[in-house]
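with the input below, show me the fold.
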Amino acid sequence: MKKLSKVQLKQQAAVMDVATKIEEQAFNELTGMEECWFDMDYDAFPGSLLVRLQFKTESDMQNAKPELLIWQKRLSGLLLKKGILLKDMRKHLVFTLAEDDE
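Here you go, the predicted model:
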C-alpha cells in the first residue's frame, strides 16, 4: 500500500473524527447499533466516501430506517464543518447488518 500524502492524511483524520462523532451519537440514539465504519478511495474523495452504521439484527435496522435521512444530514453537516462538501448526502451513509462469520 502506498504512503498517503499530507492532504490524504488530513482527509482521513477529518473523516475519522466525523465517523467517531456519528458512532457515539448512534450508540446513544439507535437501538441495536453495533459499529460505524467507513470506506473511501482517496483519488475520488469525497464522492467515494461511504459511512456504514451497522446493526445487530434486521429488526433493529428496520426500526431505524425512518431516521436514515436524519443521519445522512448529520454526516453532511459534520463534514461541512470540516470543509468537506458532499454533493448528494444520500449516497454517503447507509444502514447495514452485521455479517455472520461462516
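
centre of the chain to stretch 78-98, how far?
Its chain's C-alpha centre and that of stretch 78-98 lie 6 Å apart, by C-alpha atoms, centre = their mean, to the nearest Å.

list the buried ones in that stretch?
For stretch 78-98, burial by neighbour count (16 or more other C-beta atoms under 10 Å) applies to L78, L79, I84, L86, M89, H92, L93, F95. For glycine as for every other residue, the C-beta is placed from the backbone atoms N, C-alpha and C.

hey, C-alpha coordinates of that stretch in CSV?
Provided in CSV are the C-alpha atoms of stretch 78-98 (Å, rounded to 0.1, in the frame of the first residue of the first chain):
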residue,chain,number,x,y,z
LEU,A,78,-20.4,17.5,10.3
LEU,A,79,-18.3,17.1,7.2
LEU,A,80,-19.2,20.6,6.0
LYS,A,81,-17.9,21.9,9.3
LYS,A,82,-14.6,20.3,8.4
GLY,A,83,-14.6,21.9,4.9
ILE,A,84,-15.8,18.8,3.1
LEU,A,85,-18.9,19.2,0.9
LEU,A,86,-20.9,16.2,-0.2
LYS,A,87,-22.8,16.8,-3.4
ASP,A,88,-25.5,14.2,-2.7
MET,A,89,-25.6,13.4,1.1
ARG,A,90,-27.9,10.4,0.5
LYS,A,91,-25.1,8.4,-1.2
HIS,A,92,-22.7,8.6,1.7
LEU,A,93,-24.3,7.0,4.7
VAL,A,94,-26.2,3.7,4.8
PHE,A,95,-27.5,1.3,7.4
THR,A,96,-26.2,-2.3,7.2
LEU,A,97,-26.4,-5.6,9.2
ALA,A,98,-23.6,-7.4,10.9
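
can you list the residues that contact whichever helix in the chain runs longest?
If you go by DSSP state H, the chain has its longest helix at helix 6-29. With C-beta atoms under 8 Å, 6 or more residues apart in numbering as the test, helix 6-29 has contacts from 4, 33, 35-38, 40, 42, 45-46, 49, 51, 53, 71, 74-75, 78-79, 82-84, 93.

and K6, how many neighbours?
Neighbour count of K6, defined by other C-beta atoms under 10 Å: 7.

apologies, that question was intended for V15.
By other C-beta under 10 Å, 21 other residues sit near V15.
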